[in-house]
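Chemist: quick one, structure for this:
(2 chains)
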Amino acid sequence: MIAPAKPDLVTVNIDGKEIAVPKGTNVIEAARLVNVDVPHYCYHPKLSIVGNCRMCLIEMGMPAVDPSTKAAIMDPATGKQKINWIPRPQIGCGTNVSPGLHVKTLSPMVKDAREGVMEFLLINHPLDCPICDQAGECKLQEQATGYGRGYSRFIEQKNVKPKRTQLGPRVTLDDERCILCSRCIRFSKEIVKDDVLGFVDRGSYSTLTCYPGKKLENNYSLNTVDICPVGALTSSDFRFKMRVWFLKQTNAIDTESSVGANTVVWSREGVIYRITPRRNDDVNDTWLADSARVLFKAVKASDRLTAIKINGTDGALDVAVNAAAELFKSNSAPGAIAVVGSGRSSVEEQFLTRKLADALKASTQLVSRVGQGDQLLISADRNPNVRGALVTGLITALPFGELTGLGAQIDAGKVKVIVAINEDLAAAGLTSAQLTKVSVVYLGSHFNASSAAAKVVLPTLSPFEKSGTFVNQQFRIQKFFKAVPGPVGATDDLMVLAKLVTAAAGLTLPAEINALWKVIAAEVPALGTMAFANLPETGLLLDATPFAALPFAEGETLHYKPAQPAVAAATA
Amino acid sequence: MAVITVERKPLTFLERTYLPQIAGGLKTTFKHLIAPKKTLEYPEERPTIPDGYRGVPTLVMDPNGREKCVSCQLCEFVCPPKAIRITPGEIPADEPDRAHVEKGPKAFDIDMLRCIYCGLCQEVCPEEAIFLQNQFSMSGYTRAEMVNHKDRLYELGGTLPDAHFKWDKKKAAEEHGNTH
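Modeler: As a prediction, the model looks like this:
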C-alpha cells in the first residue's frame, strides 16, 4: 500500500513567530511567509545559492539540550527551553530550516551586520541615481534606505570603471554600479545553459565581462537585466527612455508562442515602454524571452490599419458591416463562405468567430504556425491560442500546413467569400489569383496582402489594446488586460465580431467582455464555471482529456511535457 | 438676542466746524508732496527682488557653460500642477566634455500657464539645475508662447555659481582612475 504523501513540515521560530514550513525551505523564504523581510541581493528563488552578497545575515540558534542525556535545558527566567544562539551572524539564503530553529532578524547584531554590508557595497558605488535607469526599482536604493547607516564615512576616491560596456546586442553594462552578486552569471549558466558571463580581476577591481570572443546574445539575455538588483545591467532598448515610477503596469500574456508566458506591460499615457516577465511558477517562473519584449513595437508601427475601407473607400463601421452583410446574403449557398479564424485571437474572439461561422454555415479553419521550439519559453506552436479554438469549438482538428484545401475550394468556385480574422491569407498559402476570385472581409490590426485585396477592411486592435484570455499549451486559461488605448479608427475585435454576428444571424451578442463571458459560460461546457473577473492571475487549468488524442506540435518546454512525445516530434 | 444700546455723544463745537479735520488732512497731503516717492515707473524701472524670491523656473548652466540637468525627471514627478514635461536623451559617447555624464534632456518644457511657482522643482533637483529666479512677469499672445522650451529656459536661467563641481570631480577621478 502506498502511504499518502506526508507534508514534511518543520516548525521554526522567526522573530518570536512560530511557523511550519516545508523541509528544505531556506530562512529567507520562511521569513517571507511570516511577512518578515530579510534583505538580500544575490539570492534568487529560481537560481542556485552562492551567498556572496552577505546582506541576508541573520542571528540563529537552536533549543539547548544536555549533551549527555539529550534532555531539554530550561531557562529558569522564562520557564521555556533555553536557546543557544550562535555568536556570529549566519546567511539566511544558505541556511535551510531545521526543527526548532530560532531566527532573529531584528537584533542589534543583525542591524550592525546589515549596516556594515551596506557600507561596503556603497564604497565604490557611483551614487548616480538621477541618471540610473534602475532608480525606483533598485534593491540597493531600497535597502540603503531601509537598512543602511544613512551617511558615508568614505572620503577616499571611488573606483572608476567603464560605464557603457556593450555585453551584447541588447544589454549594456555599467561596471561601476555592479555589486558582484553573480545572479546574471548563474542565470546564463543554469537557466539558458549559455555560460558567457564571468568575473575578472580581484577585490574592488572585480569586473563582470563576457568570455573572450563571446557575447551575451542569447534570446534570454534581457532576463539578466530583470534580475540585476542594481542598475549595472541595463536594457539597451529601454535605457534612458523613461523613469519607472511614471509607468503603469498592466498584466498581460506573451503572444509569441503557446507557452503563454506571463508578462507585465509598462506604459505611460498610451505609450508602451517595455515588457517584463511576471512570476508564475507553473508557466514561466520569472523569465521571458527577449523576442517577447519587442512585440510592443508593432503597436505604433506605420502599417497599422486605421481606416475602415469598403471597396477601397473610407466608411463608417455600420456601413462596412452592412456591406459585409450584403456579401453574406448574396452568397448564402452552404459552403460559399469560409471563415479563417486565428490562433492569435483571444478565447472570446474565437467564440464569436464560431458564432459567426455557425450563423453563416461556413467552414472554419485556423492558420498553422509551427516553428522550432527552444525547450525553454518558446514552444513549437507559435500561435498563442490554438487550444482556445479547440475549447470554444471553433475547430475540432489541429490546423496543419498551408490553406491548400481552401485554395482548392476557391479554384473549384465553391467558396466565394472569406472572412479573415487577423490572418494574412497570402502568407497562409493562398495565391493572389485565388484572392482575386473571392470577396474578402478582413478584420485585422496591420496592413498586409489580404487587407489590400479585401472588399471590406475592419481595423481591429493589437493584443496590447484589448482584454481577453488565452489557453496555453498546458490548457491553462490565462487572462490579459488592455494596457493602452487603440488608435483612432480601430474598433475592438469583439465589437466588430458581435456586429457581424448580428448582421449575419440577427442574433445580438454582448461585445463587452464580462457580459460576453456569461454567454460563453452558458454555451461552452469547459468554461461553464468561470467568469472573466474571477479567473485567477496565475491562470486556471482546464480539462485536457477531450483533446488528448490530438497531435500537438509542442515539444518539451519549461513546466511542460508533451503527452505524446513521439507524435509531437513527428509533426514538429 | 441681547440688544446693546450704544450711546452717541453729540459733536463738540470744534468738531462741528470740521476745521481740525481739514487741517489734519492737508497736513498728510503736504507731507507726501515733499516726501520721496514710493512708486516705480514700471516697466522702465524695476523693483529690487528680495533673496529667495520664487520667480519663473529656469534651467541653469554650471560655471563651465555645460548643462547641469541630467533629466532625472524628479521635477516632472513632483510638480503638483504637472507643468513640467521632459524627454530624456543620451549624451553620445563621443562628446568630449560631457560623455561621462551620460544623460541629458532632449526636450524640457515648462508650461507657465500651469506653473504655480511653488518651487518644489528647485527643492527636489538632485543636480541643482533648476532654479526659480528673479523673473516675475511672463506674458504671451498664445498658449504655445507660454510654454518655455529648453533653449528659453537656459536663456532665462544663465549661469549660477557652483559649490560642488560634481562632474569635474567625476571626470578627474575618471582620468586619475583607481586603476592598477
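Chemist: for the residue nearest to residue A:387 when sequence neighbours are not counted, what are its contacts?
Modeler: If you skip the residues right next to it in sequence, residue A:387 has residue A:471 as its closest partner in space, 4.1 Å away by CB to CB, 6 or more residues apart in numbering or on different chains. Yep, even glycine has a C-beta here, placed from its N, CA and C like the rest. With contacts defined as CB atoms under 8 Å, 6 or more residues apart in numbering or on different chains, the neighbours of residue A:471 are A:260, A:347, A:385, A:387-388, A:390-391, A:477-478, A:542.
Chemist: so which of those residues belong to helices?
Modeler: Taking DSSP state H as the definition of helices, the contacts of residue A:471 contribute A:347, A:387-388, A:390-391.
Chemist: what does chain A have sitting close to chain B?
Modeler: A:128-131, A:135, A:157-160, A:163-164, A:204-205, A:239-243, A:245-246 (CB under 8 Å from any CB of the partner chain).
Chemist: in PyMOL, how would I select the buried members of those?
Modeler: Selection command for PyMOL covering only the buried members of the residues of chain A next to chain B, criterion 16 or more other CB atoms under 10 Å in any protein chain shown:
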select buried, chain A and resi 128+129+130+131+135+158+159+160+163+164+239+240+241+242+243
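Chemist: how about the helices in the chain?
Modeler: If you meant another chain, say so; for now it's chain A. According to DSSP H, the helices that chain A contains are A:27-33, A:108-123, A:139-147, A:183-186, A:222-227, A:317-330, A:347-360, A:386-392, A:404-411, A:432-437, A:449-453, A:493-505, A:513-523, A:565-571.
Chemist: ah, I was thinking of chain B
Modeler: For chain B, the helices defined by DSSP H cover B:13-17, B:19-34, B:74-78, B:120-124, B:150-157, B:166-176.
Chemist: indicate which one of those is closest to residue B:101.
Modeler: Distances from residue B:101 to each of the helices of chain B were compared by CB to CB, and the smallest falls on helix B:166-176, at 5.7 Å.
Chemist: what residues does chain B have near chain A?
Modeler: Counting by CB under 8 Å from any CB, the residues of chain B that sit close to chain A are B:70-74, B:76-77, B:88-90, B:93, B:100-103, B:126-127, B:173-174, B:176-180.
Chemist: which of these are buried?
Modeler: Among these, those buried by neighbour count (16+ other CB under 10 Å) are B:70-74, B:76-77, B:88, B:100-103, B:127, B:173-174.
Chemist: out of the residues you listed, who's nearest chain A?
Modeler: Chain A lies nearest to residue B:72 out of these, by CB to the nearest CB, at 3.5 Å.
Chemist: report pLDDT for the closest one.
Modeler: Taken from the predicted model, the pLDDT recorded for residue B:72 is 94.
Chemist: leaving out sequence neighbours, find the closest residue to it.
Modeler: Per CB to CB, 6+ apart, closest to residue B:72 is residue A:130, 3.5 Å.
Chemist: what's residue B:134 sitting at in phi/psi?
Modeler: Its backbone dihedrals place residue B:134 at phi -80, psi -20, with angles given as degrees, to the nearest 10.
Chemist: and it, what does it touch?
Modeler: Taking CB under 8 Å, 6+ apart as the definition of contact, the neighbours of residue B:134 are B:49, B:53, B:55.
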